[in-house]
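> Just need the structure, nothing else, for what follows:
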Amino acid sequence: MRIAQPGRIPVPAWRSRLAALAGVLVLAGCSLEGTPTPGSSVAGSDSSLPPPSATAGASATAGPSPSDSGRLTLPAPTTSDPTPISYTVSVEVEAGSSGRIVIVVTNLGSEMVPELVLRWPTAVRETIFLAPFEPSQQRIQEGGDPLRQDWTKWVDGPGERGEPAGTTSLGWGPLLRGGTLTIPVLATRVAPGAITFDLQILSGEAVLRADGAPAWLQVEVP
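Numbers count the residues shown, from 1 in each chain. As a prediction, the model looks like this:
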């Protein structure tokens, strides 16, 4: 039996092929370094860490959504009103029960607020339903007593006056200079569990200011 032996590559040809192969490897290395593939990590970083959250000064353009902490957030208002106010928020709701949230707003400025508006994410109603009044047969029956309506609007966005999608806006009429308005909002329990959500206090579509900062707070319901 005869086994054929492969012929040797002449030295000049061997060197030229080795040089060509080295050039290909250098080009391939440059290509891999310049275009990382999905899932690859940058040197010195930990790919297991969550992405950094946006800073407080960033403008939110999307609709309300749960944050990393589970809080229901609101988009940033497009404008602000320099009228200074002070406010207090009292959560009169026990765990697993219904109750109310009372917001007291005082106008500290020299101008009237044309329409005081409260705004929260509409998704809050999946846990507690917020309403300016309690439905009753007296209100809906034909020929009943006249409906006394203190609130001026109750809108699920998007609304005709610029109310953003995914938000609920409750208007409560004008607030005179130096005046104080007490707003009781009924909170009817729909599902068990605690909830944290954003609440904005606005003049129309412009957020008001308290102590120099936007009147934009978090409400915690147990």
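
> Stretch 168-182 spans what distance, first to last residue?
Using C-alpha to C-alpha, to the nearest Å, one end of stretch 168-182 lies 19 Å from the other.

> can you pull the buried residues of it?
Thr168, Ser169, Leu170, Gly171, Trp172, Leu175, Leu181 (16 or more other C-beta atoms under 10 Å). (Glycine included, C-beta is placed from N, CA and C.)

> Which member of these is positioned nearest Val155?
For the buried residues of stretch 168-182, the closest approach to Val155 (C-beta to C-beta) belongs to Ser169, at 4.8 Å.

> partners of the closest one in the sheet?
Arg119, Val155 (DSSP bridges).

> wait, doesn't it sit right on Thr122?
No. Applying C-beta atoms under 8 Å, one finds Ser169 not in contact with Thr122, separated by 9.7 Å.

> Scan this protein for its longest strand.
strand 79-92 (DSSP state E).

> so the helix or strand just after that one versus strand 79-92, what angle?
Next helix or strand after strand 79-92 toward the C-terminus (DSSP states H and E): strand 99-107. Angle, strand 99-107 to strand 79-92, by axes from the mean of the first three to the mean of the last three C-alpha atoms, to 10 degrees: 140 degrees.

> Name every strand pairing with strand 99-107 and say which way it goes.
strand 79-92 (antiparallel), strand 180-189 (antiparallel).

> And that strand, what's buried?
In strand 99-107, counting by 16+ other C-beta under 10 Å, buried: Arg100, Ile101, Ile103, Val105, Thr106, Asn107.

> Relative to Thr196, tell me which of the strands paired with strand 99-107 wins on proximity.
Short answer: strand 79-92, nearest of those by C-beta to C-beta, at 10.8 Å.

> pLDDT on that closest one, on average?
Averaged across strand 79-92, pLDDT comes to 97.

> and the closest residue to Pro132 other than its chain neighbours, how many neighbours?
Ranked by C-beta to C-beta, 6 or more residues apart in numbering and with sequence neighbours excluded, the top spatial neighbour of Pro132 is Trp151, at 4.3 Å. Using other C-beta atoms under 10 Å, Trp151 has 15 neighbouring residues.

> what does Leu74 give?
21.

> so what's the residue nearest to it when sequence neighbours are not counted up against?
Closest residue to Leu74 apart from its sequence neighbours, by C-beta to C-beta, 6+ apart: Asp198 at 4.1 Å. Asp198 makes contacts with Pro64, Arg71, Leu72, Thr73, Leu74, Trp120, Pro121, Trp216, Leu217, Gln218, Val219, as judged by C-beta atoms under 8 Å, 6 or more residues apart in numbering.

> Could you verify my assumption that the second one touches Leu199?
No. Arg71 lies out of contact with Leu199 (C-beta under 8 Å); the separation is 11.2 Å.

> Could you tell me which residues touch both of those two?
Gln218.

> More neighbours: these two, which one.
Leu199 (21 against 16).

> What's the first helix or strand after whichever helix or strand the more buried one is part of?
In the assignment (DSSP H and E), Leu199 maps to strand 195-203. Once the chain leaves strand 195-203, the next helix or strand it forms, by DSSP H and E, is strand 206-210.
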